[in-house]
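Provide a 3D model corresponding to the input given below.
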Amino acid sequence: MPLRNSTIHSLLVYIFLLEGLMLTFSIPQPAPPSAARDSSSTNMDYRLFEFFTIHSSCKSRRAMVARIISDAFMLAEVGRDIPESSISYKNYFVDPALDQNEFYIVRNMSVSILSNGDSKKKTTIRCPRKDIGVIARTTADPTDDPFIELFPKFFQYPSLASKPFTKNGWCTPPPHDLFNFQVKESFLIHEFTHLAHIAQRALELASNQAAERIIALRRVGTIDITHAKGYDHYDIPAQAARDLKKQWVAYLTSQAHEVKPSFWPDENGESYGDALLG
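Coordinates of the predicted model:
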């Protein structure tokens, strides 16, 4: 059963007020209606059942999975309207003053998530019982049968609804570990961006503003840079995402002295989920 709308928004507001050395949040300002279909909380179940099929392998966790998906939509609504001044955005993506194109892509990724990429495709959510050492796995290539697999490790993490505001929860004292600030919903945002129909529609929506960057739309979803050469030594994907952004800032502000990174932050799935939580 989804949380009531007021409860979810209260959680998000509390989360954005948290401060720390490595964790800073920003509350988005109201924005005009987007091009996405209506994504108000009254349509949560509508989106859930139109966009997804929860596989029988999730039978014992069906209600939990449905609730997490609905709460992930709430995070996407934050991302859709995230302001240029957002500190949490700037932790993972290039400052709009240096690259405005990325800002359009990031916002439209949330728009695409909320509209299922304007696609009729349904993504199957599976819950494999075998632990293979990963949190989740998703189809990234174009397919008529996209899926997201949530492995046992995924369910070991807290959710927005379950994580307490104590020293063992959101209020963990320094030194801060980025893993302590990740929840199931942020992992789902990450996985949503891997879906080809979601990522491609985001690029299409951003193409008018970001035409200088988007010469040919890529036809696959986002990647995990921790699987790529030069980033595969990271134990914490969120730290890799932050460092990728720093590399781009260094390159854009001093091109003569820095090597151009292989990927933009908006190509990395991890960056999206983390940006909505700091």
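
quick one: neighbours of residue 85, just the number.
Look at residue 85: counted by other C-beta atoms under 10 Å, it has 12 neighbours. (C-beta placed from N, C-alpha, C; glycine too.)

so, low pLDDT: which residues of the protein?
1-45, 163-181, 208-218, 255-256, 278 (pLDDT under 70).

can you map out the strands along it?
Using DSSP state E, the strands of the chain run over 52-54, 123-126, 136-138, 147-150.

please tell me I have it right and residue 51 contacts residue 115.
No. Residue 51 lies out of contact with residue 115 (C-beta atoms under 8 Å); the separation is 9.0 Å.

scan this structure for its longest helix.
Longest helix in the chain by number of residues (criterion: DSSP state H): helix 62-80.

correct me, but residue 240 touches residue 271?
No. The criterion here is C-beta under 8 Å, and residue 240 misses it with residue 271 at 9.3 Å.

what about the two, which has more around it?
Neighbours per residue (other C-beta under 10 Å) separate residue 240 from residue 271, with residue 271 holding more: 30 against 22.

follow-up on the earlier one: what are the buried residues along the longest helix of the chain?
Across helix 62-80, burial judged by 16 or more other C-beta atoms under 10 Å covers 64-80.

for that helix, which helices and strands make contact with it?
If you count contacts as 3 or more C-beta pairs under 8 Å, 6 or more residues apart in numbering; DSSP states H and E, helix 62-80 packs onto helix 5-17, helix 44-51, strand 52-54, helix 100-114, helix 184-194, helix 269-275.

6 Å instead, please
helix 44-51, helix 100-114, helix 184-194 (3 or more C-beta pairs under 6 Å, 6 or more residues apart in numbering; DSSP states H and E).

make TSV out of those helices and add mean neighbour count and distance to residue 233.
Listed next are the helices and strands packed on helix 62-80 as TSV, based on neighbours: other C-beta atoms under 10 Å; distance: least, C-beta to C-beta, whole Å:
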stretch	mean neighbour count	distance to residue 233
helix 44-51	16	36
helix 100-114	24	25
helix 184-194	26	20
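
quick one: which of those is nearest residue 254?
helix 100-114 (18.4 Å; C-beta to C-beta).

so how far is the closest one off the chain centroid?
Counting by C-alpha atoms, centre = their mean, to the nearest Å, helix 100-114 is centred 11 Å from the centre of its parent chain.

let's number from 590 now, not from 1
Sounds good: first residue 590 from here, last item helix 689-703.

what angle sits between it and helix 633-640?
Computed by axes from the mean of the first three to the mean of the last three C-alpha atoms, to 10 degrees, the angle separating helix 689-703 from helix 633-640 equals 90 degrees.

if I look at residue 743, how far off is residue 819?
With distances taken as C-beta to C-beta, to the nearest Å, residue 743 is found 27 Å from residue 819.

and if you look at residue 745?
Distance, residue 745 to residue 819, by C-beta to C-beta: 29 Å.

likewise for residue 703?
33 Å.

same check, this time on residue 828
Separation of residue 828 from residue 819 (C-beta to C-beta): 14 Å.

what does residue 832 give?
Taking C-beta to C-beta as the measure, residue 832 falls 10 Å from residue 819.

now swap in residue 728 and tell me
In terms of C-beta to C-beta, residue 728 sits 25 Å off from residue 819.
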